[in-house]
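Visitor: coords please:
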Amino acid sequence: MNFSYQLAYLCNRSGYKMKEAKTIYLSIGSNLGNKLYNLQRAILLLQTKLGSISAISGVYRSPSWGFDGEDFLNACLSINTRSSATEVLHILLKVEQEMGRIRSKEGGYQSRSIDIDLLYYNSEIINTDTLTVPHPQMHLRKFVLKPLADIAPQFYHPVFQKDTRNLLQECKDKSSLQQTTHKLFASRELLLSTLHLVAIEGNIGAGKTTLAKKIASDHNAKLVLERFADNPFLPKFYADQSRYAFPLEMSFLADRYQQFTDDTTQFDLFKNFMVSDYDIYKSLIFAQITLQKEEFKLYRKMFNFMYNEVKKPDLYIFLYQSTERLLENIRKRGREYEQGIDKDYLEKINQGYLDFLKVFPHPKSLVIDIAELDFVQNPEDYDLIIDKILEQALTE
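Guide: Prediction:
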């Protein structure tokens, strides 16, 4: 007996009647800020607050309707929900408010970060002081009907007794409508799976390994971790940097190249994507700090050869942490050979990363200041980081 049957059986035994699931159709649009991310964030919030998403249309670009403003991105989706129509309306308004939408009391159209309209609530006809379903203007708007036709071409309008395709054919809206190549996703996991490889970087003690492990666990990702503890030169380097800098950096480069190549080319069919707590480019950043000028020239020749061969991350994340917090974290984790690291060395590393990011060629690079965040103890801070990752992934 599956879960749904078990639940229904228990409800019948107890005399409790479950609300029947309803299919609702929504139109979502945005013409402010990161429009694509606004649509995606709305979908994730609606899934959490309303129910499971059964279909999402393509994303369409259209001019602003009834006012001068930036173009909109629009889409439609269907959700299976047990909420009443009035409850659905309340939730839609709450989601808009949570996303910064403030509805003007003066009326009229204006730019907005998110606009969510209830088009259909099953096939019901509802007319109250606060809610009219089907949406009274949907048949006049091509930017609503075209994405709706993607997911419900044969759904009949209960008032006009015509399906979506017929309504679209008869629509007199002549404004331009362009289908984009963008895609929206029903879950974080599906969106993150499009990234293939996410590299999380940061200074010593920034928390990159902890974050990588957490993301891998929460979102079914293959975890790629740097094997720093096995390097025999590392304790010697912290004791005598000038003597052991070159052999340390060369051994790190060779090990990172071998490991990164092996781990990122071996796909795991049971994982959605890969997340690493380092990118091989860190070798050049550290080497520039620790090596003498002539040593670095030789090192860079070897690095350039290897770097051209390795897989590049689809999203590069740098966790910026204050030097004081870095020193505190290093003390807490108690690795004996790290306790002699001084503030100046950490500040040079931070600056090295920031200089690298200024010329980083990949468009999907993200700096997250975590000086005031605790993503281990505070779930809200962790969610904030995930939201920033999703937003960057959907930056046009």
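Visitor: mind listing the strands for the protein?
Guide: Counting by DSSP state E, the segments of the chain that form strands are 22-30, 51-56, 60-62, 72-81, 115-121, 126-127, 132-133, 178-179, 197-202, 221-224, 273-276, 315-320, 365-369.
Visitor: roughly how far out does the first one sit from the chain middle?
Guide: On the basis of Cα atoms, centre = their mean, to the nearest Å, the separation between the geometric centre of strand 22-30 and that of its chain is 21 Å.
Visitor: Does it pack against any helices or strands, and if so which?
Guide: Packed against strand 22-30 by the contact rule (3 or more Cβ pairs under 8 Å, 6 or more residues apart in numbering; DSSP states H and E) you find helix 35-49, strand 72-81, strand 115-121, helix 142-151. C-beta here means a position set from N, CA and C on the backbone, and glycine is covered the same way.
Visitor: Can you tell me which of the strands of the chain is nearest to residue 237?
Guide: Counting by Cβ to Cβ, residue 237 lies closest to strand 197-202 out of the strands of the chain; the figure is 19.3 Å.
Visitor: Pull out the buried positions in that closest one.
Guide: Buried residues in strand 197-202, defined by neighbour count with 16 or more other Cβ atoms under 10 Å: 197-202.
Visitor: and what of stretch 179-198?
Guide: Buried residues in stretch 179-198, counting neighbours by 16+ other Cβ under 10 Å, are found at 182, 184-186, 188, 191-193, 195, 197-198.
Visitor: Take those and write them to a markdown table, including distance to residue 209 and pLDDT.
Guide: As requested, these are exported to a markdown table (distance: Cβ to Cβ, whole Å; pLDDT from 0 to 100):
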| residue | distance to residue 209 | pLDDT |
| --- | --- | --- |
| 182 | 33 | 95 |
| 184 | 31 | 97 |
| 185 | 27 | 96 |
| 186 | 30 | 95 |
| 188 | 21 | 91 |
| 191 | 23 | 93 |
| 192 | 18 | 92 |
| 193 | 22 | 91 |
| 195 | 19 | 90 |
| 197 | 16 | 94 |
| 198 | 14 | 95 |
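Visitor: Nearest approach to residue 100 belongs to which of the strands of the chain?
Guide: Of all these, the one in closest proximity to residue 100, counting by Cβ to Cβ, is strand 22-30 (10.7 Å).
Visitor: Quickly run through the sheet partners of that closest one, with directions.
Guide: For strand 22-30, the paired strands and their directions (DSSP bridges) are strand 72-81 (antiparallel), strand 115-121 (antiparallel).
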